[in-house]
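In: please work out how this folds:
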Amino acid sequence: MQEERRTESTPVEDEAARLAAKAARLRKIMLAAAIVLGVGLGLLLTRCKPHEAPEKLFEAEQYRITLASRFQETGDRSGYDRAYKSNRESVYVSVVPFNGDQELAALSAAAFAEKQAARNGGSEIKTEAGVPYFEAEYESGGTRYACLEAAYKTGDSFLLVNFVCKASRYEDCRAEFLRFAASVETK
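Out: Numbers count the residues shown, from 1 in each chain. The predicted model follows:
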């Protein structure tokens, strides 16, 4: 007869098996945490964030502006002098020349922004980094949009820079819009 082997394990083997099972559970937990973290970061990075890099400088005769690299200048200007668009945000620039109008030329950028806000149903004038701006919402084609419109004075004109996105995304984009507005340099 064959001798039956004993299947009892030693305390060291028991401890090794317990540690191996614990290590397997930890690997599963770490994998789940990495997946959750990756998905969370992916969701955060697809929204507007104030410190997105890299950036891109756009220049025109009267100004220069720094936007996120996702923006491209577009020929579809919708009646504005310049337009820059990404997949989800737009920036429109209007140049309003004084054309010898002394009353217009006497206004400050804040006073001009106030006139524009009154005309466009905007909020009261706020100032960030020395830039006067107002905020407004409007509807176009059944979609609700929000904008931050900033005013600048040059030697012979005003610049109005309108930062636009869907109203549902505005709070996520607002800080980045303010950073873009602060980057405008008039010539």
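
In: any idea which helix or strand comes after the helix or strand bottoming out on mean pLDDT in the chain?
Out: Comparing helices and strands within the chain by mean pLDDT, DSSP states H and E singles out helix 11-45 as the least confident, with a mean of 69. Note on helix 11-45: by DSSP states H and E, the next helix or strand toward the C-terminus is strand 55-59.

In: helices or strands up against that next one?
Out: Counting contacts by 3 or more C-beta pairs under 8 Å, 6 or more residues apart in numbering; DSSP states H and E, strand 55-59 packs against strand 63-68. Backbone N, C-alpha and C define where each C-beta goes, glycine included.

In: mind listing what's buried in the strand it packs on?
Out: Tyr63, Ile65, Leu67, Ala68 (16 or more other C-beta atoms under 10 Å).

In: one more: stretch 136-155?
Out: Within stretch 136-155, the residues that qualify as buried are Ala136, Tyr145, Ala146, Cys147, Leu148, Glu149, Ala150, Ala151, Tyr152, Lys153, Thr154, counting by 16+ other C-beta under 10 Å.

In: same thing with stretch 121-140?
Out: Using 16+ other C-beta under 10 Å as the test for burial, stretch 121-140 gives Gly122, Ile125, Lys126, Val131, Pro132, Tyr133, Phe134, Glu135, Ala136.

In: any chance of those residues in CSV, plus pLDDT and secondary structure?
Out: What follows is the buried residues of stretch 121-140, written out as CSV (pLDDT from 0 to 100; DSSP: H, G, I helix; E, B strand; the rest coil):
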residue, pLDDT, secondary structure
Gly122, 86, coil
Ile125, 96, coil
Lys126, 96, strand
Val131, 97, strand
Pro132, 98, strand
Tyr133, 97, strand
Phe134, 96, strand
Glu135, 96, strand
Ala136, 95, strand
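
In: among those, which one lies nearest to Lys56?
Out: Lys56 lies nearest to Val131 out of the buried residues of stretch 121-140, by C-beta to C-beta, at 19.6 Å.

In: surely that closest one meets Ala182?
Out: Yes. Using C-beta atoms under 8 Å, Val131 is in contact with Ala182, at 5.9 Å.

In: let's see the pLDDT reported for the residue nearest to Thr143 when sequence neighbours are not counted.
Out: Spatial nearest neighbour of Thr143, excluding adjacent residues (C-beta to C-beta, 6 or more residues apart in numbering): Lys166 at 6.5 Å. Looking at Lys166, its pLDDT is 97.
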